[in-house]
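>>> Sequence first, then the predicted structure, then my questions.
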Amino acid sequence: KQEVTQIPAALSVPEGENLVLNCSFTDSAIYNLQWFRQDPGKGLTSLLLIQSSQREQTSGRLNASLDKSSGRSTLYIAASQPGDSATYLCAVCAGANSKLTFGKGITLSVRP
Amino acid sequence: NAGVTQTPKFQVLKTGQSMTLQCAQDMNHNSMYWYRQDPGMGLRLIYYSASEGTTDKGEVPNGYNVSRLNKREFSLRLESAAPSQTSVYFCASSEFGWGTRSSTDTQYFGPGTRLTVL
């Protein structure tokens, strides 16, 4: 059974800092890995999707990498801002019908 | 486009009552999903539907039923609510459908329904 782990559960950093959020998964036979953002009281928004054949994806200040062989992904946020404060969830797609297995998320707080 | 919409936004039930959570998407997606999100447990799949007319159990289906009314709508029913079903429920949809293995398919989520069962 696929398991997705995100540690730590919470992180607090000062504004402007570059930071890395980690995600690990147990089964490397995946189709893709996705990072989502969730604001308090809201639904999830897709940030980046990395296909199994890719090593990384970039969108603005966000860069996500994937190392399938070691079962790890990182989300790099450059020059963090208070508006980046949210919960970031990692999810892997490892079967048909696009079903996802989610990690429990990392709650990020960026202090002004 | 409204994307994925859910009704109601909030609901309080008494133990034993029934209710249906509604979900609709306007993106012509084939697959739809119901999740519940609990503190410390993360998001868990309840049921999914990979095409109109088909539904399948996810990780935590007990106590729930679903109906894929048409391509746009996917409802979740609690026949006899229990306090353990207090949670935030999310509906999601994705483009690809039954038997498809796409490495680029992502899910689009609704805003959620906050359900409390007393």
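Alright, I've got the coordinates.

>>> How about the lowest-mean-pLDDT helix or strand in chain A and chain B, touching?
The least trusted helix or strand in chain A, going by mean pLDDT, DSSP states H and E, turns out to be strand A:100-102, with a mean of 91. Yes: for strand A:100-102, a contact with chain B is found by C-beta under 8 Å from any C-beta of the partner chain, at A:100, A:102. In short, each C-beta sits where N, CA and C put it, glycine included.

>>> Note down every partner strand of that strand and its orientation.
Strand A:100-102 has these partner strands in its sheet, going by DSSP bridges: strand A:86-93 (antiparallel).

>>> For the nearest residue to residue A:90 once chain neighbours are set aside, grab the count of nearby residues.
Nearest residue to residue A:90 in three dimensions, chain neighbours excluded: residue A:23, at 3.4 Å (C-beta to C-beta, 6 or more residues apart in numbering or on different chains). Summarising burial for residue A:23: neighbours were counted as other C-beta atoms under 10 Å in any protein chain shown, giving 25.

>>> Would you mind naming what in chain A lies close to chain B?
Those residues of chain A that sit near chain B, judged by C-beta under 8 Å from any C-beta, are A:31-32, A:34, A:36, A:41-46, A:49, A:51-53, A:89, A:91, A:93, A:95-100, A:102-105.

>>> how about low-confidence regions in chain B?
Under the criterion of pLDDT under 70, the regions of chain B flagged as low confidence span B:97-103.

>>> neighbours of the closest residue to residue A:71 other than its chain neighbours, just the number please.
Spatial nearest neighbour of residue A:71, chain neighbours left out: residue A:25 (4.9 Å); criterion: C-beta to C-beta, 6+ apart. When neighbours are defined as other C-beta under 10 Å, residue A:25 has 23 of them.

>>> cool, residue B:75 as well?
Neighbour tally, residue B:75, other C-beta under 10 Å: 17.

>>> about what we covered before: what's the following helix or strand after the least confident helix or strand of chain A?
Scanning forward in sequence from strand A:100-102 by DSSP states H and E, the next helix or strand is strand A:106-111.

>>> buried set for that following strand?
Within strand A:106-111, the residues that count as buried by 16 or more other C-beta atoms under 10 Å in any protein chain shown are A:106, A:107, A:108, A:110.

>>> Now residue 46: which helix or strand?
Chain wasn't specified; assuming chain A. With elements taken from DSSP H and E, the one containing residue A:46 is strand A:44-51.

>>> nope, chain B
strand B:42-51.

>>> I'd like the distance between the closest residue to residue A:75 other than its chain neighbours and chain B.
With sequence-adjacent residues excluded and distances taken as C-beta to C-beta, 6+ apart, residue A:75 is closest to residue A:21, at 4.3 Å. Remark: distance between residue A:21 and chain B (C-beta to the nearest C-beta, to the nearest Å) = 15 Å.

>>> Could you pull out the strands in chain A for me?
Assigned strands in chain A, in chain order: A:4-5, A:10-14, A:19-25, A:32-38, A:44-51, A:56-59, A:62-67, A:72-77, A:86-93, A:100-102, A:106-111 (criterion: DSSP state E).

>>> tell me the angle of the fifth one relative to strand B:42-51?
Taking axes from the mean of the first three to the mean of the last three C-alpha atoms, to 10 degrees, one finds strand A:44-51 and strand B:42-51 inclined to each other by 70 degrees.

>>> got the angle for strand A:44-51 vs strand A:62-67?
For strand A:44-51 against strand A:62-67, the angle between stretch directions is 50 degrees (the same axes, to 10 degrees).

>>> residues in contact with the most centrally placed residue in chain B?
The structure's chain B has its C-alpha centroid closest to residue B:34; by C-alpha atoms, centre = their mean the separation is 2.2 Å. Remark: with contacts taken as C-beta atoms under 8 Å, 6 or more residues apart in numbering or on different chains, residue B:34 is in contact with B:21, B:23, B:45-48, B:58, B:64, B:66, B:74, B:76, B:89-91.
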